[in-house]
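A.B. asks: Starting from these lines, generate the structure:
(2 chains)
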Protein chains: 2
Amino acid sequence: MTAYEELEARFRRITNLRHAVSLLQWDLATMMPEGGREARAEELATLRVLAHEMLTDARLAELLDAAEAGAIALGPWQRANLGEMRRAWLHASALEGRLVEAVSKANAAAEAAWREARPRSDFAMIRPHLEKLLALTREVAEAKAARLGTTPYDALLDEWEPGGSSAEIDRLFKPLAAFLRPFLEAVLERQAKAPPAHAPAGPFPVEWQHALCEKLMAAVGFEFRHGRLDVSLHPFCGGTPDDVRITTRYNEADFTESLMGVLHETGHALYERGLPAEWRYQPVGEPRGMSVHESQSLLLEMQACRSREFVAYLAPLARTAFGASGPAWDADNLFRLYTTVERSLIRVEADEVSYPAHVILRYELERAMLAGELAVADLPAAWGDGMERLLGIRPPDDRRGCLQDIHWYDGAWGYFPTYTLGALTAAQLFAAAKRADPSVPSAIGKGDFRPLLAWLREHVHAKASLLPTGELIREASGRPLDPTLFEQHLKERYLG
Amino acid sequence: MTAYEELEARFRRITNLRHAVSLLQWDLATMMPEGGREARAEELATLRVLAHEMLTDARLAELLDAAEAGAIALGPWQRANLGEMRRAWLHASALEGRLVEAVSKANAAAEAAWREARPRSDFAMIRPHLEKLLALTREVAEAKAARLGTTPYDALLDEWEPGGSSAEIDRLFKPLAAFLRPFLEAVLERQAKAPPAHAPAGPFPVEWQHALCEKLMAAVGFEFRHGRLDVSLHPFCGGTPDDVRITTRYNEADFTESLMGVLHETGHALYERGLPAEWRYQPVGEPRGMSVHESQSLLLEMQACRSREFVAYLAPLARTAFGASGPAWDADNLFRLYTTVERSLIRVEADEVSYPAHVILRYELERAMLAGELAVADLPAAWGDGMERLLGIRPPDDRRGCLQDIHWYDGAWGYFPTYTLGALTAAQLFAAAKRADPSVPSAIGKGDFRPLLAWLREHVHAKASLLPTGELIREASGRPLDPTLFEQHLKERYLG
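C.D. replies: I've put the predicted structure just below:
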């Protein structure tokens, strides 16, 4: 066995452990009875520690050196695989054991405190936790930056968005922020003059919603031989590429939420499912990063399924599914419902026009905190100021302000930008798909996603982690990531 | 850390891996889409190999020696734990890698061939596989016997029934076999003269059956905060003690099957759940063995829930659950239904009177094959002769003969006796519980299982693997395992 082959065998084992973790997490969120929580936490910790031990094994580091020395003999996929192995090793080995343990404990304490503090809107309660977590996160960022040769913030970003940089994010977010605020005002003004959208009257039984969701998933290309749809408190896409588990939650008063939520997760699922089978158990066979992953869910939900074409296809299906009729069920009204823009306080409820403002705010704030330019004590005020500047509203309390998201309290720093990078990427890839195959929109109008999926499979899914994100986008769409394509999409949909 | 403490830490890890395996298997049988099969097999194999590597690690053997040298300082639970660790190590380390691999491959091939051969009743097709598997099983048995200091058959038995021996089984099975055949004839004669039992007329919707099953599980003491009931092709009890997953299958034409099946699995579940929490992650905290495990399911199903008292409690609940009425729903008729005895060809469908004959036959045949006294080629004829002798019928084909059970084709040699050891143990423990608390039967008649469960918790469940099986039974019931208690139970129920 060559050093490279031995590495493949070792990473295959690690991937199998990660797949087991993924299934145990899915079960925890969907099936597990409450009394299994403690035991499950220990099972998950055991598997994660084992995977970490395998990754930081001294022999693995030797094999990486040896394989890199002989990389000239490898093909492009193997070389990319070796690069991803090295990246995984750098992240895993950058931190001393005592720091990993301190972060893990601080995260657990902060998350528990956050669950209490949020409903009470009690920032003072969470503040010392966040300060501690920030100090530790800074240590992590510096340790990783030294190993990766990046800035501390970029080192955190690299975990979610390999090769990502704040310089690149600034290049994209600055013009976007300048565009969004006046655009939002123009859209709100225009919507105020248009007839209001009417919500169809429920109740909508869960079983009927589930049946409609499964029907649409099948139309889009979800293979039920390789996946499931279940219920969880927070929707997610989990499982493994050959067994993709997506979840949703149902509101019997409003079927429109679960429907778009399921289509969003189906976008994630199609990406997982489309990853190249021959690289299934290797790092290079994994999704490129969180921005590309999010681009696949947003491309399906926002670009394809909130289009006039798709809503026209959906309307009669929804009427049949719920045995309903009347003007609220017209395609025109449903389209207005699905494209209503608001100044929202809550990110997860935001429409596609205001969503980037939420992300830009968090990106600015986490960078400032990490750089020591913003003290945790000043976070609530900075949050309010930012909302005022970016969206023209100010949250009346911290529950609807800086306490709303779990990310910082759960240790996910450097994650937020990937949502909007994903939205930009989605717009650019969808435009490219339509340019390559002009039948894409009309097919979607007939519930036929094959042309779109064929393009995505070839240009995105099958590439997995072969190329850096920027190159993947450039090869697929013919140019670097460009925020004007997203702006163009918004202009056509909301002011067209 | 002492050597013993280090062993506890290592076995805690191994147990967590086994718990993960258990959940992945449960998911495979209940939730997993077909297309996930191959990936799941690899996940399971990875976790099992890891657990095996941990168990056969050279350092673990050193720790065992060191801990045993200092065992004088340990308490009784710790000493028993150390004994179970040594037993697990002996089994894991007894076989050379090439033998483990050969068995694993031969099993997989034989099982696949069996799945094809059984429906076709084609023994010739499976015969070479079984011959190969027998030769390998003999090698395994001899290797383990040399390490355990037992006979080869007893070494196989030890995997399922720690400390079990064919001498002890012979002591129990010989008088039982002599008792059973004339007893069966007497019961059949008596039943022929009695009015026939009538099956209530269906259909019985799955949801209603499920609701009734859950109601009875709750009455018996199943905690839904720590477990679930789901559907699988072959019913089983899986999961972990804090999260016990039982399954059943529903037949819309006959609710009586799923009901007793669920009560059977609930007996297994109560045992798992009652294992001592303070020894949760150690070998000594595990179920004593397969015969005690089976005793807990048979005690609940056969002893408690097929009793006149319980069926009288059940009858009105069943009528309500299915909105039914009429003579078929009378407690008397339901009791007759649940205690009908037949000369059956199929073990898994057999009643409690004829079931031991099926087991005794398989026990005799597997011992003879292993000892080289019965050639695989002669198995079908020996099977027919044995059925004739023990039950008075002869299977018309091998599908209903020696091809009916998966065990031998899947490598489970030495397993069969535990079913009937479990039945004997169940009768003896139930008699002891009633002697200790005479309110047990009348409470069961009111759907109150607390007196029974309290006794089982104290005398069986909480003991886990502290004592050898024989001692556990003697301490709980006041005497060694005695087949006449089972015979007494049958006489009272079927000829009383």
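A.B. asks: C-alpha only now, for contacts and for neighbours.
C.D. replies: Noted.
A.B. asks: tell me the SS of residue A:415?
C.D. replies: Put simply, residue A:415 is coil when judged by DSSP: H, G, I helix; E, B strand; the rest coil.
A.B. asks: Mind telling me what element the most centrally placed residue in chain A is part of?
C.D. replies: Central residue check for chain A by Cα atoms, centre = their mean: the C-alpha nearest the mean position is that of residue A:294, 4.1 Å away. Per DSSP states H and E: residue A:294 is located in helix A:290-298.
A.B. asks: picking that back up, the residue nearest to the centre of chain A against residue A:427, yeah?
C.D. replies: No - the pair residue A:294 / residue A:427 is not scored as a contact, 11.6 Å apart, by Cα atoms under 8 Å.
A.B. asks: From residue A:221, how far out is the closest residue to residue A:249 other than its chain neighbours?
C.D. replies: Take residue A:249 and drop its neighbours on the chain: the residue closest to it by Cα to Cα, 6 or more residues apart in numbering or on different chains is residue A:231, 5.4 Å away. Relative to residue A:221, residue A:231 is positioned 20 Å away (Cα to Cα, to the nearest Å).
A.B. asks: now do residue A:130
C.D. replies: Distance, residue A:130 to residue A:221, by Cα to Cα: 42 Å.
A.B. asks: between these two, which one's more packed in?
C.D. replies: Neighbour count, other Cα atoms under 10 Å in any protein chain shown: between residue A:130 and residue A:221, residue A:130 has more, with 25 against 16.
A.B. asks: do you know how far that one is from chain B?
C.D. replies: Distance, residue A:130 to chain B, by Cα to the nearest Cα, to the nearest Å: 32 Å.
A.B. asks: check which helix or strand covers that residue.
C.D. replies: Per DSSP H and E: helix A:123-148 holds residue A:130.
A.B. asks: quick one: that helix to chain centroid distance?
C.D. replies: Computed by Cα atoms, centre = their mean, to the nearest Å, the separation of helix A:123-148 from the middle of its chain amounts to 22 Å.
A.B. asks: Close to chain B: what parts of the stretch 151-300 of chain A are there?
C.D. replies: Residues of the stretch 151-300 of chain A lying near chain B by Cα under 8 Å from any Cα of the partner chain: A:224, A:225, A:226, A:227, A:228, A:242, A:243.
A.B. asks: Quick one: buried ones out of those residues?
C.D. replies: With burial judged by 16 or more other Cα atoms under 10 Å in any protein chain shown, the buried subset of these is A:224, A:226, A:227, A:228, A:242, A:243.
A.B. asks: Quick check, pLDDT for the fifth one.
C.D. replies: Turning to residue A:242, the model gives it a pLDDT of 98.
A.B. asks: and it, what is it in contact with?
C.D. replies: By Cα atoms under 8 Å, 6 or more residues apart in numbering or on different chains, residue A:242 lies in contact with A:226, A:227, A:273, B:35, B:36, B:39.
A.B. asks: for the third one, same thing?
C.D. replies: Contact criterion Cα under 8 Å, 6+ apart gives A:242, A:243, A:244, A:245, A:246, B:32, B:33, B:35, B:36 as the residues in contact with residue A:227.
A.B. asks: will you turn those into TSV that also has secondary structure?
C.D. replies: Shown next, in TSV, are those (three-state DSSP):
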residue	secondary structure
A:242	coil
A:243	strand
A:244	strand
A:245	strand
A:246	strand
B:32	coil
B:33	coil
B:35	helix
B:36	helix
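A.B. asks: Which of those residues sits closest to residue B:158?
C.D. replies: The closest of the contacts of residue A:227 to residue B:158 turns out to be residue B:32 (Cα to Cα; 32.6 Å).
A.B. asks: since we're on the closest one, how many residues are nearby?
C.D. replies: 21.
A.B. asks: got the contact list for it?
C.D. replies: Contacts of residue B:32 were listed using Cα under 8 Å, 6+ apart, and they are A:227, A:243.
A.B. asks: Ramachandran coordinates for it?
C.D. replies: Dihedral pair for residue B:32: phi -60, psi 130, per degrees, to the nearest 10.
A.B. asks: ok, the residue nearest to residue A:249 touching residue A:30?
C.D. replies: Yes - between residue A:231 and residue A:30 there is a contact under Cα under 8 Å: 6.0 Å.
A.B. asks: sorry, back to before: could you say what helices and strands the helix holding residue A:130 packs with?
C.D. replies: Helices and strands touching helix A:123-148, by 3 or more Cα pairs under 8 Å, 6 or more residues apart in numbering or on different chains; DSSP states H and E, are helix A:76-93, helix A:97-120, helix A:152-160, helix A:355-370.
A.B. asks: The same query, at a cut-off of 7 Å, please.
C.D. replies: Helices and strands touching helix A:123-148, by 3 or more Cα pairs under 7 Å, 6 or more residues apart in numbering or on different chains; DSSP states H and E, are helix A:97-120, helix A:152-160.
A.B. asks: buried set for the helix or strand containing residue A:25?
C.D. replies: Assigned by DSSP H and E, residue A:25 belongs to helix A:3-30. In terms of neighbour count (16+ other Cα under 10 Å), helix A:3-30 has its buried residues at A:3-4, A:7-8, A:10-30.
A.B. asks: ok so, going back, what's the most buried one of the helices and strands packed on helix A:123-148?
C.D. replies: Of all the helices and strands packed on helix A:123-148, helix A:152-160 carries the top mean neighbour count, a mean of 23, counting by mean count of other Cα atoms under 10 Å in any protein chain shown.
A.B. asks: And the next helix or strand after it, what's buried?
C.D. replies: Later in the chain than helix A:152-160, the nearest helix or strand by DSSP H and E is helix A:166-193. For helix A:166-193, the neighbour count (16+ other Cα under 10 Å) marks A:166, A:169, A:172-173, A:176-177, A:180-181, A:183-185, A:187-188, A:191 as buried.
A.B. asks: and what of stretch A:314-332?
C.D. replies: Buried residues in stretch A:314-332 (16+ other Cα under 10 Å): A:314, A:315, A:318, A:321, A:322, A:328, A:329, A:330, A:331, A:332.
A.B. asks: again, but for stretch A:452-461
C.D. replies: Neighbour count says stretch A:452-461 has A:452, A:453, A:455, A:456, A:457, A:459, A:460, A:461 buried, by 16+ other Cα under 10 Å.
A.B. asks: and chain B, which of those residues contact it?
C.D. replies: Among those, no residue lies close to chain B (Cα under 7 Å from any Cα of the partner chain).
A.B. asks: Mind putting the buried residues of helix A:166-193 into JSON lines with pLDDT?
C.D. replies: JSON lines is the format used below for the buried residues of helix A:166-193 (pLDDT from 0 to 100):
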{"residue": "A:166", "pLDDT": "97"}
{"residue": "A:169", "pLDDT": "98"}
{"residue": "A:172", "pLDDT": "98"}
{"residue": "A:173", "pLDDT": "98"}
{"residue": "A:176", "pLDDT": "97"}
{"residue": "A:177", "pLDDT": "96"}
{"residue": "A:180", "pLDDT": "97"}
{"residue": "A:181", "pLDDT": "96"}
{"residue": "A:183", "pLDDT": "98"}
{"residue": "A:184", "pLDDT": "97"}
{"residue": "A:185", "pLDDT": "97"}
{"residue": "A:187", "pLDDT": "98"}
{"residue": "A:188", "pLDDT": "97"}
{"residue": "A:191", "pLDDT": "96"}
